[in-house]
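need a 3D model of the following:
(one chain, ligands or ions: 1)
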Amino acid sequence: MTGGAGYVGSHCAKALRRAAHGVVILDNLSAGHREAALGAPLIEGDVRDVDTVRRALRDSGATAVMHFAAFLDVAGSARDPAGYYRNNVVGALNAPTTLFR
Ligand SMILES: NC(=O)c1ccc[n+]([C@@H]2O[C@H](COP(=O)([O-])OP(=O)(O)OC[C@H]3O[C@@H](n4cnc5c(N)ncnc54)[C@H](O)[C@@H]3O)[C@@H](O)[C@H]2O)c1
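Have a look, this model is predicted:
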């Protein structure tokens, strides 16, 4: 799961683990908190980095990806649209496309 140390992702990870699913979190902690992972394995890394995503998928043995890593500050997106595009669009494409390389 990406962004699992953030608000939505951490609650989703908690619910999945309660339902006995294994969860591995990939989060760069730019806005999230290590404690929010509640003890789930946390890979500190960035979804914009294809090698990191590929390694995380391989090492975790993930069979599914839930993607919650994103910037969400509206004013920030107006100040830095290219940065938000790279994080939220390119970053979102990295996980699924990496699966097929
Ligand atoms: N919070 C809401 O009410 C809400 C409602 C609807 C949709 N969403 C969407 O859900 C997603 C998550 O929102 P949230 O409120 O949990 O935000 P959040 O900031 O609490 O969590 C996002 C997490 O992603 C991580 N992250 C950001 N960029 C990253 C990167 N490049 N690589 C790795 N990790 C990265 C941050 O460190 C953080 O832990 C966003 O796409 C948001 O738009 C949120």
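
wait, Gly45 touches Leu29, no?
No: with contacts counted by C-beta atoms under 8 Å, Gly45 stays clear of Leu29, the gap being 9.6 Å. Every C-beta, even on glycine, is put in place using the N, C-alpha and C of the backbone.

who has more neighbours, those two?
Taking Gly45 and Leu29 together and counting by other C-beta atoms under 10 Å, Gly45 has the greater number of neighbours (19 against 15).

wait, what's in contact with that one?
26-28, 52-53, 55-56 (C-beta atoms under 8 Å, 6 or more residues apart in numbering).

okay, now the nearest residue to Leu38 once chain neighbours are set aside: neighbour count?
Using C-beta to C-beta, 6 or more residues apart in numbering and skipping the chain neighbours, the partner closest in space to Leu38 is Lys14 (6.1 Å). The local packing of Lys14 (other C-beta under 10 Å) involves 16 other residues.

what parts of this structure come near the ligand?
By C-beta under 6 Å from any ligand atom, the residues of the chain that approach the ligand are 2-3, 5-9, 27-32, 46-48, 68-72, 87, 91.
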